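# Got a predicted model here, sequence first, then my questions.
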Amino acid sequence: MSRALGLLSGGLDSSLAALCLKRQGVDVTAIAFVTPFFGSSKAEDAARQVEIPLIVEDISKVHLDMVKNPRYGYGKNMNPCIDCHAMMFRLAGELMVEHGYDFLFSGEVLGQRPMSQNANALRSVANYSGHPERILRPLSARLLPITPMEELGLVDRDQLLDIQGRSRKPQEALARTWGLKDFPSSGGGCLLTEIHFSDRLRDLISHQPDCTVEDVELLKIGRQFRLSERAKLTLGRHQQDNEAIRATADTSHILLRALGLQGPVGLVTGQANEVDLETAGAIVASYGKGKDQTEIKILAETPDGEKLFVVAPMARDQSQEKLV
């Protein structure tokens, strides 16, 4: 029995690819990767449904490094899909070699995404992965050149599929035939494909090229304000945001809140100077209960200890100009 290790996103295509191989007797294991931009929960649900073991790997740091400077560039937003797929295959390939799997596979469909799943892109992914001869795309395999896995009899080409294009109807029909009942709708799942998040990330990377995974996690919380070329402010919208900001803050950050008044928690990151700090305090004041007062006391929790200063709440239209 041949053994295969597959990339499982949790979407319909990757689930069908795993089932396509499993149904012809291949011993299938899946792997899902965790980054600041997507998690493994959908893959965990899919693995349970198709009854295959799942390996979960956190690749946040190395993935962020790639996102900052992708070899093949970005898609419509900040999504470097070709580089991302190649990285996943490369990392999965290391496990393939280490644990003796025969080949890798994915749920990629020829022509489903014009930029990242055309024939040239699929070849680029395979070549850049470091394992070009050991990658199989079961859903479109009969439309692609025959692979060594098929030639060696590790898989039966006649039982592979010839799906192509952007329509999901063939996959949905196959899912019904094979008994797949629960699967997510197409699209979504990766923050890098979302316009609003991409704008925030682009601003962060352009001003802080050395930004960390923790900096990226903050982009998912509350409002984001660009204070200056050196510093930015994350501001909570509600109690859940405030708690998330406090949980994410580390010793290099500055926490701000209005003293004695209900309102948001602010977190200053980057290399803030006194002007940046005062600007951040004025924004914090403008979103709290004291927004109509002439002066508000702001308590700053800095790496050097607590600091108290007084600001006038910033006019709302002025603060919104700084929104990212």
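Nice, thanks for sending it over. Being a predicted model, the structure only gives us computed values, none of them experimental.
# from here on, contacts and neighbour counts on C-alpha atoms
Will do.
# how does this structure divide up, domain by domain?
For the chain, automatic domain parsing gives the domain ranges 3-191, 221-320.
# what is the mean pLDDT for the longest one?
Regarding domain 3-191, the rounded mean pLDDT is 92.
# how long is it from one end to the other?
End-to-end distance of domain 3-191: 32 Å, with C-alpha to C-alpha, to the nearest Å as the criterion.
# if we can go back for a sec, now render the domains of the chain as a markdown table, adding mean neighbour count.
Putting those into a markdown table (neighbours: other C-alpha atoms under 10 Å) gives the following:
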| stretch | mean neighbour count |
| --- | --- |
| domain 3-191 | 18 |
| domain 221-320 | 19 |
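# Ok, which of those domains comes nearest residue 204?
Comparison of the domains of the chain against residue 204 by C-alpha to C-alpha identifies domain 221-320 as nearest, at 8.7 Å.
# Give me the distance from that closest one to the chain's centre.
Between the centre of domain 221-320 and the centre of its host chain there is 27 Å, according to C-alpha atoms, centre = their mean, to the nearest Å.
# residue contacts, residue 314?
Counting by C-alpha atoms under 8 Å, 6 or more residues apart in numbering, residue 314 touches 282-283, 285-286.
# Any chance of a markdown table for those, columns distance to residue 150?
Listed next are these as a markdown table, based on distance: C-alpha to C-alpha, whole Å:
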| residue | distance to residue 150 |
| --- | --- |
| 282 | 65 |
| 283 | 62 |
| 285 | 66 |
| 286 | 65 |
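# Mind putting the residues you listed into TSV with secondary structure, pLDDT and distance to residue 133?
Output for the contacts of residue 314, formatted as TSV (DSSP: H, G, I helix; E, B strand; the rest coil; pLDDT from 0 to 100; distance: C-alpha to C-alpha, whole Å):
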residue	secondary structure	pLDDT	distance to residue 133
282	helix	97	59
283	helix	98	56
285	helix	97	60
286	helix	96	59
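# what about residue 307, which helix or strand?
Assigned by DSSP states H and E, residue 307 falls within strand 305-311.
# Just checking: what are the partner strands of that strand?
According to DSSP bridges, strand 305-311 forms sheet pairs with strand 296-302 (antiparallel).
# Outside of the strand it pairs with itself, which residues are in contact with it?
Strand 296-302 is contacted from outside by 251-259, 281, 285, 290, 306-313, using C-alpha under 8 Å, 6+ apart.
# Name the surrounding residues that touch the biggest helix by length in the chain.
Ordering each helix of the chain by length in residues (DSSP state H) puts helix 81-99 first. Contact partners of helix 81-99, identified using C-alpha under 8 Å, 6+ apart, comprise 5-7, 31, 33, 63, 66, 70-75, 102-104, 116, 121, 124-126, 128-131.
# Could I get the full set of helices for the chain?
According to DSSP H, the helices that the chain contains are 12-22, 41-50, 60-68, 81-99, 119-129, 148-151, 169-178, 195-207, 213-218, 239-248, 274-286, 316-320.
# closest to residue 233 out of those?
Taking the helices of the chain one by one with C-alpha to C-alpha, helix 274-286 is closest: 6.4 Å.
# quick one, the closest one and strand 305-311 angle?
Angle, helix 274-286 to strand 305-311, by axes from the mean of the first three to the mean of the last three C-alpha atoms, to 10 degrees: 70 degrees.
# Mind giving me the packing neighbours of helix 274-286?
In this structure, helix 274-286 packs against strand 231-235, strand 254-258, strand 266-270, strand 296-302, strand 305-311, with contacts taken as 3 or more C-alpha pairs under 8 Å, 6 or more residues apart in numbering; DSSP states H and E.
# Adding distance to residue 59 and mean pLDDT, write these out as TSV.
What follows is the helices and strands packed on helix 274-286, written out as TSV (distance: least, C-alpha to C-alpha, whole Å; pLDDT from 0 to 100):
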stretch	distance to residue 59	mean pLDDT
strand 231-235	25	97
strand 254-258	28	96
strand 266-270	23	96
strand 296-302	31	96
strand 305-311	34	95
